[in-house]
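Student: Could you look at this predicted model? Sequence included:
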Amino acid sequence: MEMKEILTEWRKLIKEEEERVVFNPEEVDLPVPKKLLKLLDPDITPQKFAQRDAELDDSGKPQEHAFACAAFALTYADNDPEQAMKILKMSIQQLPKIAKGMASSSEKEEWIQ
């Protein structure tokens, strides 16, 4: 790859990162628990995210889990609430299928052992 091609790719990546729309809990006029503010920080490193996500998984309340899911849906929807609602509704529809697939996979593992 030539230097010119590398620079062109690098510029594309930077532009994509700048254009990425991420939910920011500090831009919401609602009380947001500190642990969610830390988890949903748009500038969080992947390592810190994994750590804080595990902490929320272990000690978080269902309301906090729901807020986090809504925040992730908003990020996927580029902060468009209507699109986020569609995503969440579709995810609810997927749950029975996923559960069935998990049960099927679990049965296969038991059969193999």
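Tutor: Nice, thanks for sending it over.
Student: pull the longest helix from the protein.
Tutor: helix 81-112 (DSSP state H).
Student: got the buried residues for that helix?
Tutor: Buried residues in helix 81-112, counting neighbours by 16 or more other Cβ atoms under 10 Å, are found at Ala84, Ile87, Leu88. (Glycine included, C-beta is placed from N, CA and C.)
Student: ok, the second one touching Asp80?
Tutor: Just to be clear, that refers to Ile87. No - if you go by Cβ atoms under 8 Å, Ile87 and Asp80 don't touch, sitting 9.7 Å apart.
Student: rewinding a little: what's the longest helix of the chain packed up against?
Tutor: Here helix 81-112 touches helix 62-76, going by 3 or more Cβ pairs under 8 Å, 6 or more residues apart in numbering; DSSP states H and E.
Student: Can you show me the CA trace of the helix it packs on as PDB?
Tutor: Extracted C-alpha coordinates of helix 62-76, given in PDB (Å, rounded to 0.1, in the frame of the first residue of the first chain):
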ATOM      1  CA  PRO A  62     -33.400  -3.500  36.700                       C
ATOM      2  CA  GLN A  63     -34.100   0.200  36.100                       C
ATOM      3  CA  GLU A  64     -30.400   0.800  35.500                       C
ATOM      4  CA  HIS A  65     -30.200  -2.100  33.100                       C
ATOM      5  CA  ALA A  66     -33.200  -0.700  31.200                       C
ATOM      6  CA  PHE A  67     -31.700   2.800  31.000                       C
ATOM      7  CA  ALA A  68     -28.400   1.300  29.700                       C
ATOM      8  CA  CYS A  69     -30.300  -0.700  27.100                       C
ATOM      9  CA  ALA A  70     -32.300   2.400  26.000                       C
ATOM     10  CA  ALA A  71     -29.000   4.400  25.800                       C
ATOM     11  CA  PHE A  72     -27.400   1.700  23.600                       C
ATOM     12  CA  ALA A  73     -30.500   1.600  21.400                       C
ATOM     13  CA  LEU A  74     -30.300   5.400  21.000                       C
ATOM     14  CA  THR A  75     -26.600   5.100  20.000                       C
ATOM     15  CA  TYR A  76     -27.500   2.500  17.400                       C
END
